Each structure stands twice: as C-alpha cells, then as structure tokens.
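A.B. asks: Need a 3D model of the following:
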Amino acid sequence: MAQLLAHFRRNAFRGHGTLIQQGRVLSGNPSTAIDYRHEFRYPETCKRVVVKMGSALITRDDECGLSLGRMGSYVEQLAELWRNKRDILVVTSGAVAFGKQLLKGKTIINSIDPRACSAVGQGGLTATYEFMFQQYGIRCAQVLVTREDFRDQKTLANLRDTLSELLSMRIIPIINENDAISPPATENADLEGVISVTDNDSLAANLAVRMDADLLMLLTDVDGIYDKPPSEGGKIMSTYSGLQEEQEIIFGEGSKVGRGGMKSKVDAAAWAFKKGTAVVVASGIADNSIVDIMSGKEMGTFFTKVPQPVAVPTNNGMKALAAACREESRALMQIGPKHRAMIIHELADLLLQESDAILEANRKDLEAADRHQISSVLKSRLKLTEQKLQVLVDGLRQIADSSDDLLGRALRRTQVAEDLMLEQITVPLGVLLVIFESRPDALPQVAALSIASGNGLLLKGGKEAKHTNQCLYELVRRALSIYVNPDAIGMVTSREEIADLLKMDEHIDLVIPRGSNAMVSQIQDASTIPVMGHADGICHVYLDENCDAEKAARIVVDAKCDYPSACNAMETLLVHRSCLDNGTFEKVFDALVDAGVRVNFGPNLKQIVGKTYRGKAAHEAESMSIEYSDLECAVEVVDTVQAAVDHIHANGSSHTDVIITEDDDNAKEFLDNVDSACVFHNSSSRFADGFRFGLGAEVGISTSRIHARGPVGVEGLLTTKWRLEGKDHTVADFASGKYSYLHKRLV
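C.D. replies: Sure, this is the predicted structure:
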C-alpha cells in the first residue's frame, strides 16, 4: 500500500483526476502532460524533447549555405540538455541550402530542382552536425524519412524502434525528410487524424507524438504567434489554448528557403498539442534560446489548456517572482490538507532518497568554508549529517501529520441574529520572505511549514551553503510539482535581490530573518514589510539559592554545550550569592571547564574572585550582553530572584531564560516576571525549539510581541478572516425591528 501511495504521489498531477506516467496521459481527455513552463526545467517532467530548427535559422541570409555560427550555438545548447540526461531528437532543415552552395557555379541555381539540391547537401549537413557534436563527446545519427513512412504501420514501428534504440545508447538522431525522393506536398492526404507530412514542422509533430515526447520545440525566425498584425499593435501570445478562431491568429509568410511557414507551425503545434505533447513556438534567433526555453523563461508561444499566471507589467524580475509566488500560493491553499500533507511526505521521502546527493553538495560547501576560513561556529551550522537529515525528516512528517485542520478552522462562531451566522476562521498569512544564514536544514523545514499553512514562500540562503541549498530547493520543487506549480516557493541568490524584495509590501506579507544579529538588524532597518524574528539570542540560566547542584551542572552544561552556536544556547549564567559559598557554583564551574567552555566573569563576580578561580585565570567579561555562539559564556552574581529578573531585562534579548530551583515560589516569581518569549524551570534553554515543542519544525523564533512569539511553527503562519452567512439580511432590518441582534457565542 505504501508503495502504491508513493507511486500515486509521484505520478498524479495536480489532482485533476488524470494520471500521468512517463510524460504521457493514461486516462481522461487528451491533454498535455506539461501544463506550465517551469516543468521544462526538470528531466523528471520533461525528459524527451524534439527540437525542430527551421530553414530560416540554419541557412545563411543568401539562402545558399549553412549558418555555421548559429548551428554551433544550437549544438552547444543541445549538448547541455544532453548532459542533463534528456533524450534529444533534432529535426533539421538546411539540406537544400547546403546543396545550393555545393552546386554553385555548376549551373543556374534557381533552375535546379530542390530535390536535387537536397540530395547533394544532405550528407554534408549531417557531417557538419556530426563534427560539431563530437566536440562535446556526443554521437549523432542520420535518419531520413518520407511521408509514406508515417502511413505504413510496419515502417512506422521500425522507425520508432530505431529511434528508441539510438536514444537508449545516448545517440542524438538528426532527422530530416528525404526531400530527394519526396513528392510535392499535398494537404490532408493522411487518414485517421494523422497530420500530413508536408514539411519539417509536420514531420516534427508526428515524431513528437509517435516517440512520446514531453516537449516539441518549433524554432523559427519570428518571436511567436501574434494575436493580430504587429503593424496594428499586435502582441505575442504567451500562451495558445487552441480555442482561438483561426482568423484571430496571424501566421506570417512561408520561409523563402524551406517549405513551411507560420501557419504550418501552428497547424503542426495544435495537432501535437491535442495528442498530448507540450509545444512551444519561439524564435531561435536570440542567444541561448533553447536553454532559455528549457529553463522555463517566457519565450514564444506555449500551447497549454491551463490558464497561466498573469505576467507582471514590469521589468523587475523580483517583482515578477513575488507576484507569481502570490498567485501560486492561492492554488496551494485550495488543494486541501490531504494533498498538502502528501507534498510534505514526498519531500521527506526525497530527503532520504537523495541523501547521498545532499551530503555531496554539503561537502562542496564545507570545502569552500575551509578555503575561506569560515569560523567554526558557522561551519557547525553549515554541516549536514545522516543524523541531522533523519531528524529533519521526522520533523517534516510531524508537520504533515498534524496539518489536517490548520486552514478553515473556526476560532469563533457567533449567531449574530436569526439565520445570520458569523465565523472567524484561520487562513494563510500570504507570502513569506525567509532569509537564513549557514543552516541549510532550515530550507526544507521552512518550506514544509509554508506548504502546510498554504503560504507562498521566497527563500534566501547564505552563499556559504549555496550548493546544499540548491540541491534541497530542487527537491522542494519536485515535491510541490505533484500537485501545484512549484513557483509557490521561490529562491533568490543575491543581496541585491533581497534589497528589492524588502520594499515589495504589495506582494510580500511578512519577512522572517534567521541569522546573526547584524543581519537581522540590517533587515529590520531596510524593510517596509513587517519583520518577525529576533536580532539576538542572549539566553540566561539563573542558579537560585535553593537549586540542586547536580541538576544545575547537568542543565547548565547542556544549555551551553549541546549546540553552542544555536540561538537558544545559554550565554550568561547568573548565580545567587549563596551558591558561591555552598559549593554549587564550584561544581557548575568545573563542569563547564571540563566541557571546554571559557568562562568570563562579570564585574561583580570578578571583584569577589580576583585574578584566578579554582586555579584558572578569571577572565573579565567585556560586556554582559554578548551572544558568544561558541564554547564561551559570561557569569555574574546576584542577590535575589528580582535582581536576576532585572539583570535579564537590562542585558537579555527576550529570547529564553531559565531558573534552576527547588523552591516553587521562587520559580513562580521568575516565570511570572521575566518578560521573554520562553521562560523555563529546571530545564535546558535548548528546549526552545519548534520540534521539541511538538510544532514539527520552526520557521524561526520571535521575540516580538505582535502576532507570534517564541518558536514559530505552523500556527504562527496563520491569520484569520471573518465569514458571515445570511439569507437576505440588511442593516436596515435591524433598525426597523425586523431582526434583533442575538450575538450568541457558539464557539
């Protein structure tokens, strides 16, 4: 059953009721397996690609010879796709033009039958491709076909077997119609809905369908399909559903070198599209056009039945990214809790399945950290292990399993009047911008919390973890794509992009920085968007006069040494004066020193102990408000519980503070009066963590007093809206006495 569920997660697409397997539609109405451009990026969703390069691209401007520079660029881009484990089939023009070049001077070129030119030029065209691909260690093979090959089922089966065998050997087929023996084109000559092979556009469409291609890319010398003539203000159609009337579409003229034109491209594209193949008609003139299309950029016209996100009318890429995130987050909210939970479980599965790749990416980051002499504190945060990944996976599953009733939950229900019901229900905050340093494990944690809560998410990780972050982000996108557009979660890489995003309060609702106090403070100063987080993690442990020495030593060492660079690690130890005389502080001090901790003495304690303490130099603390984030801490002496509270308020960061005592009254005084997000009694400050609180994971820890405070799990990423349901109620009805207010609280 578990295997069946995993198979369904990987192959069901968007919950539309159509099962997709290996890029093809297995049931339901014919529709493209790929509905969004971003799916081109991944071999998992776009493995097999047919690229048709027209005569206007391959040939020189004088129509006599090949454009070698442009061909070289195409081959380089196709080689990049090949290295990314794609199956590539190339349908190419150019034989006629190359034949003309070879025959130049023999006779009057324009009087030669194009079929003779093709016969002369075909071998040279293939040899040119072969030489170019060899520079990248790739073999190619010439395959010539005719219209009859698509009519005869045995020949068609043989063609498919041959192409499949070539692809299995990682050989790129170079396919062209055998113009030397092909009769003149005739329209609609084939039967049973098979498009007539009249040019290389229809040839490419036939091959794409017959070979179960995921994408057909028809490259030409125009930018795409226009809704009306450009001279009349026509615009490129970013998408084409096939529902438009033909007179609304401007096809353009046929190529002077080949036999196709824009109409043939639209006809071929529409036919392949209806058969279940994604299609893009775009210009191949621009640099890197093939790679750009495969990266999901909005180029040319994409054939799809799914409405696409509205493009943002701006050149600001970050604004477009944020707007798309907003749009797709609404789809994430709508798919329901079961599907959101399945996405998170899929992500957890992927973290285990791809653990080798994750740790290899992390190894690259650790090597770079060594070269750049990054501090041991940052390096400890950066490092991932199998154990850390397992803890991460457990946290993600906890989030998924507890997310059933997050959205749409009624927090308050009131009967306002007869037949007039008011509810306050939970909804996502909207779009989050989370900025984190060093800790790559934060990325899937935050992603899972955003998915569970239906929020859009923009991520910015530290450059020191770029390889690990990229690897983890790709897994997040793979998990999302089983039901929604992965653009619901985006990632940015530069500080300049963050500077732009921090001003986009129309698209982003909350900024959550996770990192150094300098970074958090800088973001708080620069942002026009509300910021949730903490600049410092100066956590205190107070040893009360009635504490147990054994408990104190264990708790203090854990609070400082379990993870010294964590924001919930102890930075200052406060000691009641009596603990200096009864042996408690000696025991705790020795335990810290044995654990490798450098202890710095506060001004009051320094006056008492002098230059040394228990044979160790008594280092004086530079300040009582330092976040060491290392095996180092400060110690100070106080006289009362209230003095400890006052010290914490003067020097702390309102994060997490602890009292160790056997006196319940002193504990209550401390817990009631310390104004911090987390206050603990006889327990380590390291418990201030979303996973340890049972939240699954945390998006961050907040020390602010608005909205969420302390470890912020999925509940902290929600807000509310009011829903009122009546029959025909108006305010005037209450003034007239028709209705009376009841305001009966039901929930």
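
A.B. asks: Could you identify the longest helix within the protein?
C.D. replies: In the chain, assigned by DSSP state H, the helix with the most residues is helix 114-134.

A.B. asks: which other helices and strands contact it?
C.D. replies: Packing partners of helix 114-134 (3 or more C-beta pairs under 8 Å, 6 or more residues apart in numbering; DSSP states H and E): helix 68-83, strand 87-92, helix 95-103, strand 140-145, strand 172-177. All C-beta atoms are positioned from the backbone trio N, CA, C, and that covers glycine.

A.B. asks: which other helices and strands contact the first one?
C.D. replies: Translated: helix 68-83. Contact analysis of helix 68-83 by 3+ C-beta pairs under 8 Å, 6+ apart lists strand 48-53, helix 55-58, strand 87-92, helix 114-134, helix 289-294 as its packing neighbours.

A.B. asks: Report the inter-axis angle for the third one versus strand 140-145.
C.D. replies: For strand 87-92 and strand 140-145, the angle between their directions (axes from the mean of the first three to the mean of the last three C-alpha atoms, to 10 degrees) works out to 60 degrees.

A.B. asks: Parallel or antiparallel, list what pairs with strand 87-92.
C.D. replies: When pairs are called by DSSP bridges, strand 87-92 turns out to pair with strand 48-53 (parallel), strand 172-177 (parallel).

A.B. asks: weakest of those by average pLDDT?
C.D. replies: Ranked by mean pLDDT, the strands paired with strand 87-92 bottom out at strand 172-177, with a mean of 90.

A.B. asks: Need the contact partners of that strand.
C.D. replies: Defining contact as C-beta atoms under 8 Å, 6 or more residues apart in numbering, one finds that strand 172-177 is touched by 78, 82, 88-93, 95, 122, 125-126, 129, 133, 138-147, 163, 166-167, 197, 199-200, 203, 207.

A.B. asks: just the buried members of these?
C.D. replies: Neighbour counting with 16 or more other C-beta atoms under 10 Å marks 78, 82, 88-93, 95, 122, 125-126, 129, 133, 138, 140-141, 143-147, 163, 166-167, 197, 199-200, 203, 207 as buried within the contacts of strand 172-177.

A.B. asks: Ok, which of the strands paired with strand 87-92 comes nearest A348?
C.D. replies: Counting by C-beta to C-beta, A348 lies closest to strand 48-53 out of the strands paired with strand 87-92; the figure is 29.3 Å.

A.B. asks: can you give me how far that closest one is from the chain middle?
C.D. replies: 27 Å (C-alpha atoms, centre = their mean, to the nearest Å).

A.B. asks: do the same with stretch 439-446
C.D. replies: Stretch 439-446 sits 12 Å away from the centroid of its parent chain (C-alpha atoms, centre = their mean).

A.B. asks: ditto for stretch 506-515
C.D. replies: 16 Å.

A.B. asks: With stretch 683-691 instead?
C.D. replies: Centroid separation for stretch 683-691 versus its chain: 29 Å, with C-alpha atoms, centre = their mean.

A.B. asks: Now do the end-to-end distance for it.
C.D. replies: 16 Å (C-alpha to C-alpha, to the nearest Å).

A.B. asks: Name the residues of that stretch that are buried.
C.D. replies: Result for stretch 683-691 [16+ other C-beta under 10 Å]: buried residues 684-691.

A.B. asks: What of stretch 281-297?
C.D. replies: For stretch 281-297, the neighbour count (16+ other C-beta under 10 Å) marks 281-284, 289-290, 292-294, 296-297 as buried.

A.B. asks: Strands of the stretch 551-700 of the chain, start to end?
C.D. replies: Ranges of strands in the stretch 551-700 of the chain, per DSSP state E, counting those that start in this stretch, are 570-576, 598-601, 612-613, 616-617, 619-620, 632-638, 656-660, 678-681, 700-702.

A.B. asks: Show me the one of these that comes nearest G490.
C.D. replies: Evaluated over the strands of the stretch 551-700 of the chain, closeness to G490 peaks at strand 700-702, with 18.4 Å, by C-beta to C-beta.

A.B. asks: so L429 sits right up against G454, yeah?
C.D. replies: No: counting by C-beta atoms under 8 Å, L429 sits too far from G454 to count as a contact (9.2 Å).

A.B. asks: where are the low-confidence patches of the stretch 401-550 of the chain?
C.D. replies: Residues of the stretch 401-550 of the chain that meet the criterion pLDDT under 70 lie in 535.

A.B. asks: and if you look at the stretch 51-200 of the chain?
C.D. replies: Applying pLDDT under 70 to the stretch 51-200 of the chain flags the ranges 61-63, 105-114, 179-198.

A.B. asks: which ones are touching L475?
C.D. replies: 347, 350-351, 354, 358, 444.

A.B. asks: before we move on, back to that, tell me which residues of the longest helix of the chain come out buried.
C.D. replies: Within helix 114-134, the residues that count as buried by 16+ other C-beta under 10 Å are 114-115, 117-122, 124-126, 128-130, 132-133.

A.B. asks: How about stretch 601-616?
C.D. replies: For stretch 601-616, a neighbour-count test (16+ other C-beta under 10 Å) marks 601-602, 605-606, 609, 613 as buried.

A.B. asks: Spatially, which two of those residues are the most separated?
C.D. replies: Taking C-beta to C-beta, the two most distant members of these are G602 and Y613; they sit 12.4 Å apart.

A.B. asks: which stretch among the helices and strands packed on helix 68-83 comes nearest D267?
C.D. replies: Each of the helices and strands packed on helix 68-83 has some distance to D267 by C-beta to C-beta; the shortest is strand 48-53, at 13.4 Å.

A.B. asks: Also compute the angle for that closest one relative to helix 68-83, please.
C.D. replies: Here the directions of strand 48-53 and helix 68-83 differ by 180 degrees (the same axes, to 10 degrees).

A.B. asks: Validate this expectation: L459 resides in a helix.
C.D. replies: No: under the criterion used here (DSSP: H, G, I helix; E, B strand; the rest coil), L459 is strand, not part of a helix.

A.B. asks: coming back round to it: give me the residues contacting the longest helix of the chain.
C.D. replies: 66, 68, 71-72, 75, 78-79, 90, 92, 94-103, 139-140, 142, 144, 172, 174, 176, 178-182.

A.B. asks: wait, what's in contact with the nearest residue in space to L57 that is not next to it in sequence?
C.D. replies: Nearest non-adjacent residue to L57, counting by C-beta to C-beta, 6 or more residues apart in numbering: G284, 4.6 Å away. Applying C-beta under 8 Å, 6+ apart to G284 gives the contacts 53-54, 57, 70, 74, 219-221, 290.
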